[in-house]
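Trainee: When you get a sec, could you give me coordinates for this:
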Amino acid sequence: KDATFYGAFWCPHCNEQKRIFGNSARLLPYVECSTPSRQSTPECAQAGITSYPTWEFSDGTRQTGVLSPEALAEVTGCTLPS
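Mentor: Residues are numbered from 1 along each chain as shown. As a prediction, the model looks like this:
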């Protein structure tokens, strides 16, 4: 909900973040920031993304690192399934 997950295919922490979401990882609001040669994509460079994973929220704040579903739910106001 109004959050963006910036990452890179080669980033172990990004892959861990996706693993936490299991089959639902395909639903994450993910933006790939790396080209095959590991250069930053123009979109991510323009957004000022310098580390992965970076989560950006609707109020413009950012958090870096692997976040738990509970932490993301708190920031976004989403409800976790029971």
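Trainee: and the strand or helix carrying Lys18, how far from the chain's centre?
Mentor: Using DSSP states H and E, the element containing Lys18 is helix 12-20. Counting by Cα atoms, centre = their mean, to the nearest Å, helix 12-20 is centred 9 Å from the centre of its parent chain.
Trainee: Please list all residues in contact with the closest residue to Ser51 other than its chain neighbours.
Mentor: Counting by Cβ to Cβ, 6 or more residues apart in numbering, the nearest residue to Ser51 once its immediate chain neighbours are dropped is Thr64, at 5.1 Å. For every residue, glycine as well, the C-beta is placed using N, CA and C. Contact partners of Thr64, counting by Cβ atoms under 8 Å, 6 or more residues apart in numbering, are 51-55.
Trainee: so what's Thr64 bridging to?
Mentor: Thr54 (DSSP bridges).
Trainee: how about the strands of the chain, start to end?
Mentor: 3-7, 30-32, 54-57, 62-64 (DSSP state E).
Trainee: so can I have a markdown table of those strands showing distance to Gln17?
Mentor: Formatted as a markdown table, those follow (distance: least, Cβ to Cβ, whole Å):
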| stretch | distance to Gln17 |
| --- | --- |
| strand 3-7 | 7 |
| strand 30-32 | 9 |
| strand 54-57 | 9 |
| strand 62-64 | 11 |
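Trainee: So for Thr79, which of these sits nearest?
Mentor: Among the strands of the chain, the nearest to Thr79 by Cβ to Cβ is strand 3-7 (14.3 Å).
Trainee: The nearest residue to Ser68 once chain neighbours are set aside and Ser40, how far apart?
Mentor: Nearest residue to Ser68 in three dimensions, chain neighbours excluded: Ile20, at 7.2 Å (Cβ to Cβ, 6+ apart). Separation of Ile20 from Ser40 (Cβ to Cβ, to the nearest Å) stands at 24 Å.
Trainee: How about Asn15?
Mentor: Distance from Asn15 to Ser40, by Cβ to Cβ: 18 Å.
Trainee: same question, Pro69
Mentor: 27 Å.
Trainee: And Ser24, by the same measure?
Mentor: Noted for Ser24: a distance of 27 Å to Ser40, by Cβ to Cβ.
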